[in-house]
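Chemist: Would you be able to build a 3D model of this:
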Amino acid sequence: MERRTIGAAALEVGAIGLGCMPMSWAYTGSRQRGDESVRTVHAALDRGSTLLDTADMYGPFTNELLLGRVLKERRGEAFVSTKCGLLVGEQHIVANGRPGYVKRACDASLRRLQTDTIDLYQLHRADPEVPVEETWGAMAELVGAGKVRALGLCAVGARATRRGRAGLHAGTIRQLERVQQVFPVSAVEAELSVWSPEALETLLPWCETRGVGFLAAMPLGNGFLTGTLTPGQGFEPDDLRARHPRFTAEMMAANQPIVAGLRRIAARHGEAVTPAQVALAWVLGRGRHVVPVPGAKRERWAAQNAEAAQLRLTDRDLAEIGELPRARGSWD
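Modeler: Sure, this is the predicted structure:
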């Protein structure tokens, strides 16, 4: 697989990563199987998808434990990205950016992951009660201690507060400007896909001009852009899509033209090419500093996602994608 670099430290990863969250968090719980997920991670590594993206809150904790089973055998082949800063309760999630907590959280992640070093340690969310510079300073100390190689920041929850598209990532950029004064940011993780392209406006250019890597979260639109979901199929209560405005039966039906467009483009490239691969190829084409991180919990999907790195979209393909209708049912 093609290799890409993240940040000023030039950390090298496969062009397409693996999002591990669906294996143990936020998606249909009845379909989460540990042994199958372990095989999926192995399949991704076999195909060059070296960036494994997790967080201590996924599970919580069980996702890191799952990855640790693989890393115990194949640490030298993997690039490990995990996150801190969020605590999961019974019915709520709260931020914790206190320096002492961050350091303890890192040690706990290292134990669960069965490794001595985290390649990319990301701040999941800033704590409104703690200056972000203090949290970031504690994370920088972890780099100095050799426990972490580089630092990253996840985009703030912009959709919950935005009014229209303008200024969608303004809060994230303000945080980035602040923490850059403390220690270099190597990567930013934020949503980017055919049906959620907003990061192209300000956040992606900010990263490009500063040599910061961009990890494209949800590049397959929470599974919608794969073309495998049926409008009205319903989701289990623990599945985040059960409460997502774009996943009501009405909105899933209304957004089918997006999938149909991807399917037409895929057909031009061969019978084996999928809409998901077209969607990933589009994300890959947004810049050499961009690494899509599609989530998967099945070997089949991890293999197909990795193969998207070989797909080259034409000018005609890109023009058609640019003309696809805007997704409906968003938070606008």
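
Chemist: for the stretch 151-300 of the chain, what spans make up the strands?
Modeler: For the stretch 151-300 of the chain, applying DSSP state E, counting those that start in this stretch gives strands covering 187-191, 213-217, 290-293.

Chemist: Distance across stretch 183-203, terminal residue to terminal residue?
Modeler: Taking C-alpha to C-alpha, to the nearest Å as the measure, stretch 183-203 stretches 19 Å from start to finish.

Chemist: can you check stretch 221-235 too?
Modeler: So stretch 221-235: terminal residues 15 Å apart, C-alpha to C-alpha.

Chemist: Which positions within that stretch qualify as buried?
Modeler: 221, 222, 223, 224, 225, 226, 227, 229 (16 or more other C-beta atoms under 10 Å). From N, CA and C alone the C-beta is placed, and that goes for glycine too.

Chemist: which one of the residues you listed is nearest residue 123?
Modeler: Nearest to residue 123 among those is residue 222, at 22.7 Å by C-beta to C-beta.

Chemist: which regions of the chain lie under the pLDDT threshold?
Modeler: 28-31, 157-166, 330-332 (pLDDT under 70).

Chemist: which residue is nearest the middle of it?
Modeler: residue 217 (2.8 Å; C-alpha atoms, centre = their mean).

Chemist: does that one have beta-bridge partners, and which?
Modeler: Beta-bridge pairing of residue 217 under DSSP bridges involves residue 191, residue 293.

Chemist: cool, residue 5 as well?
Modeler: Bridge pairing for residue 5 - DSSP bridges - gives residue 12.

Chemist: I'd like to know how many residues surround it.
Modeler: Around residue 5 there are 16 other residues, counting by other C-beta atoms under 10 Å.

Chemist: Please report how far it lies from residue 312.
Modeler: Per C-beta to C-beta, to the nearest Å, residue 5 is found 20 Å from residue 312.

Chemist: try residue 14
Modeler: Relative to residue 312, residue 14 is positioned 17 Å away (C-beta to C-beta).

Chemist: quick one, which of those two is more surrounded?
Modeler: A count of neighbours by other C-beta under 10 Å puts residue 14 above the other of residue 14 and residue 312, at 23 against 10.

Chemist: Surely that one is in contact with residue 52?
Modeler: No - taking contacts as C-beta atoms under 8 Å, residue 14 lies outside contact range of residue 52: 10.2 Å.

Chemist: any common contacting residues for the two?
Modeler: residue 79 (C-beta atoms under 8 Å, 6 or more residues apart in numbering).

Chemist: just so I know, which of the strands of the stretch 151-300 of the chain lies nearest residue 272?
Modeler: Per C-beta to C-beta, nearest to residue 272 of the strands of the stretch 151-300 of the chain: strand 290-293, 19.5 Å.

Chemist: contact partners of the closest one?
Modeler: Outside strand 290-293, the residues that reach it (C-beta under 8 Å, 6+ apart) are 4, 6, 13-19, 51, 53, 189, 192, 204, 213-217, 219, 280, 283-284.

Chemist: that older thread, ok, the residue nearest to the centre of the chain - contacts?
Modeler: Residue 217 neighbours (C-beta under 8 Å, 6+ apart): 19, 189, 190, 191, 192, 293.
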